[in-house]
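Participant: need a 3D model of the following:
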Amino acid sequence: MTAVTMTATAGAGRRAGTAQFAGTWPLLRLALRRDRIIMPVWVIVLGGSFSSVGKSISSLYGAAGQRAELAASMNGNSSVRAMYGPVFDDSVGGLVSWRMVAFGAALAAVMSLVVVVRHTREEEETGRQEMLSSAMVGRRAPLTAALLAALTANAALALMIVAGMAGSQAGGAGAVALALAVSGVGVLFACTAAIAAQFTESARLAKGLTAAVIGAAFVLKAAGDSAADDGSSVLTWLSPLGWAENVRAYADERWWVLLVIAGAAAVQCVVAYTLTGRRDVGMSFLATRPGPARGRISTAFGLAVRLQRGALVGWTVSFAAVGFVFGGLTGGAADLVGDNEKTREIFERMGGQAGLTDAFLASMVSVLGTVAALYIVSSVLRLHGEESAGRAEPVLAGGVGRTGWAAGHLVIAFGGAALIMTVGGLGLALGYGHGLPAVLGASLVQLPAVWLLGGVTVLLYGALPKAAAAAWGPVGLCLALGWIGPALDLPQPVMDISPFTHLPKLPGAAGMEWGPAALLTAVAVALVAGGLGALRRRDMLN
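Facilitator: Alright, predicted model coming up:
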């Protein structure tokens, strides 16, 4: 009788365990269908960048002696090591790994956090998950589907990297190691995002927490690589991006480091599953603090400040730190380029035909500008998040007009972009050590292009709210053109697609050209006006 009871209990336990994952495959198919555009774009652009960099290095440093000289100069420059890490091998594949492994892994991590939070916390925040859970969907099925979607994206990215490296005549075991290192870090941070989604009630905060962890990982890696030229620093080993670097693709690969990445991902996955089983749908372990609508949050603008201040502070601090690091690199720009004329030409295409130092500063300012576009798009899209979550309707029912409600968020978005570019310019000038007025002015000149991309986002949100997320497409294109276009020497008509291309290359240009800046600003104003007009006429999302 006891044996029968124990067998029945065990069977019930197994059925209960299986029920926890019921509905996983339909949810996975739904997630892949919803991401059928954005996920392939991420994979193709990020994976293709490895092949593009490989072809660029083959063109710039075709001779073995040139590559050896480049590797020696990079390893001897602590500032460059902080950005890219040490060079472990001077082959084409080794230089691609040096140039791309940390940034590629960080971008794979961003892709993964977007996928996981989108299909977990965002679903709960909008109420869709509660509706799905009323059907035959287990408690852990949404998390499992989200992690499998992220795993699928990273597996496709790994295949893309291997194929791209093979196309650059740098295939073999090194390509496999590089692909697994990058995609492995992507999966690891997918699990980090899964944990963050359990602690917060807001998808935006979950993304912010995971992004902060990615930023901290990059800072640790940078500090460790600056101190040691062989990746052996303790700080480097404290960072998952440092682990990807220490796989040492194309340089007697350390396959065992991939087990470290897999082990860390497994541990985080267990933590995420444990947490998700101990809370109710829609709830979190860090509940949002309630409070009365007094003082600064008694107006639409005050509410917008309250909702977006955390993100703005984070972006401001990040721009100050990144600007300071970029400024520190400027003094060694000449040593970085050396006598390689093709590398000099790349910097001149990015930063203008002035002296090398001014061209380097202009190129760094342009990088800050394109990254600031990410901030303004995410800040404007907060309007879409508030509306789709149903939080905008109670505010509008209280006598606040749609234009006034939206204007509060737009002031934070457009004014915040000006703030972070100002802080980034100050950091760049302080890191460089002089030239404050010129560098700060160069940073502010990027604002018309940043505002134009913000205006595109406002127009999409106002006129086509269900397609508002498509605003990330123009920003991604501008990022690709700004970072990879000069190295590939793309035709000028292609480069002209980006509004940043039309701005003067400051500091060092012959003089400030007000015409392009004024035109871009006028277009941005027109786009914002069109978006607000469309918002006033359309129905609110249900």
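Participant: over stretch 373-393, what's the mean pLDDT, rounded is fine.
Facilitator: Stretch 373-393 comes out with an average pLDDT of 85.
Participant: after the lengthiest helix in the chain, which helix or strand is next? Please name it.
Facilitator: Counting by DSSP state H, the longest helix found in the chain is helix 356-388. Sequence order places helix 392-397 as the next helix or strand after helix 356-388, per DSSP states H and E.
Participant: who touches that following helix?
Facilitator: 300, 303, 383, 386, 402, 405, 540 (Cβ atoms under 8 Å, 6 or more residues apart in numbering). Every residue, glycine included, has its C-beta placed from N, CA and C.
Participant: make it 10 Å
Facilitator: With contact meaning Cβ atoms under 10 Å, 6 or more residues apart in numbering, helix 392-397 is reached by 300, 303, 383-387, 400, 402, 404-406, 408, 540-542.
Participant: what separates the longest helix of the chain from the chain centre, distance-wise?
Facilitator: Its chain's average C-alpha position is 11 Å from that of helix 356-388, according to Cα atoms, centre = their mean, to the nearest Å.
Participant: any buried residues in it, and which?
Facilitator: 356-388 (16 or more other Cβ atoms under 10 Å).
Participant: then stretch 424-434?
Facilitator: For stretch 424-434, by 16+ other Cβ under 10 Å, it's 424-432.
Participant: as JSON lines, these with secondary structure and distance to residue 393 would be great.
Facilitator: Compiled in JSON lines, the buried residues of stretch 424-434 are given as follows (DSSP: H, G, I helix; E, B strand; the rest coil; distance: Cβ to Cβ, whole Å):
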{"residue": "424", "secondary structure": "helix", "distance to residue 393": "37"}
{"residue": "425", "secondary structure": "helix", "distance to residue 393": "40"}
{"residue": "426", "secondary structure": "helix", "distance to residue 393": "41"}
{"residue": "427", "secondary structure": "helix", "distance to residue 393": "41"}
{"residue": "428", "secondary structure": "helix", "distance to residue 393": "43"}
{"residue": "429", "secondary structure": "helix", "distance to residue 393": "46"}
{"residue": "430", "secondary structure": "helix", "distance to residue 393": "46"}
{"residue": "431", "secondary structure": "helix", "distance to residue 393": "46"}
{"residue": "432", "secondary structure": "helix", "distance to residue 393": "49"}
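Participant: name the nearest of those relative to residue 453.
Facilitator: Nearest to residue 453 out of the buried residues of stretch 424-434 is residue 424 (Cβ to Cβ; 16.5 Å).
Participant: how much space separates residue 385 from residue 143?
Facilitator: 21 Å (Cβ to Cβ, to the nearest Å).
Participant: residues touching the most centrally placed residue in the chain, list them.
Facilitator: Centroid check for the chain by Cα atoms, centre = their mean gives residue 110 as the closest residue, at 4.7 Å. Contacts for residue 110 (Cβ under 10 Å, 6+ apart) come out as 42, 46, 186, 189, 193, 207, 210-211, 214, 374.
Participant: what about the stretch 351-500 of the chain, any weak spots by pLDDT?
Facilitator: Applying pLDDT under 70 to the stretch 351-500 of the chain picks out residues 351-356, 483-490.
Participant: then the chain?
Facilitator: In the chain, residues with pLDDT under 70: 1-17, 79, 126-127, 129-135, 280-298, 329, 331-356, 483-490, 508-512, 541-542.
Participant: can we see that at 50?
Facilitator: 1, 4, 6, 8-10, 12-13, 350-354 (pLDDT under 50).
Participant: can you map out the strands along it?
Facilitator: Taking DSSP state E as the criterion, the chain carries no strands.
Participant: so how many other residues sit close to the nearest residue to residue 87 once chain neighbours are set aside?
Facilitator: Leaving out its chain neighbours, the residue that sits closest to residue 87 by Cβ to Cβ, 6 or more residues apart in numbering is residue 71, at 4.1 Å. Using other Cβ atoms under 10 Å, the number of residues around residue 71 comes to 20.
Participant: show me the contacts for residue 71.
Facilitator: 61, 86-91, 94-95, 98.
Participant: any idea how far residue 60 lies from residue 392?
Facilitator: 51 Å.
Participant: and what of residue 172?
Facilitator: 54 Å.
Participant: what does residue 225 give?
Facilitator: Counting by Cβ to Cβ, the gap from residue 225 to residue 392 is 45 Å.
Participant: so between the two, which is more surrounded?
Facilitator: residue 225 (28 against 20).
Participant: for that one, which non-adjacent residue is spatially closest?
Facilitator: residue 81 is the one closest to residue 225 (Cβ to Cβ, 6+ apart), at 4.4 Å.
Participant: and of the buried residues of stretch 424-434, the nearest to residue 32?
Facilitator: Nearest to residue 32 among those, counting by Cβ to Cβ, is residue 424 at 37.1 Å.
Participant: which residues touch stretch 469-476?
Facilitator: Stretch 469-476 is contacted by residues 37-38, 41-42, 45-46, 114, 118, 370-371, 373-374, 376-378, 380-381, 384, 450, 452-461, 464, 497-499 when judged by Cβ under 10 Å, 6+ apart.
Participant: cool, and stretch 383-391?
Facilitator: Under the criterion Cβ under 10 Å, 6+ apart, residues 122, 125-128, 202-204, 303-304, 307, 378, 392-393, 395-396, 402, 405-406, 408-410, 413, 457-458, 460-462, 465-466, 468-469, 471, 531, 535, 540-542 lie in contact with stretch 383-391.
Participant: run the last query once more with 8 Å
Facilitator: If you take Cβ under 8 Å, 6+ apart as the criterion, stretch 383-391 is touched by 125-127, 203-204, 307, 392, 395, 406, 409, 461, 465, 468-469, 540-541.
Participant: then stretch 263-279?
Facilitator: Contacts of stretch 263-279 with the rest of the structure, by Cβ under 8 Å, 6+ apart, involve 20, 139-140, 143, 147, 184, 187-188, 190-192, 194-195, 197-199, 240, 285.
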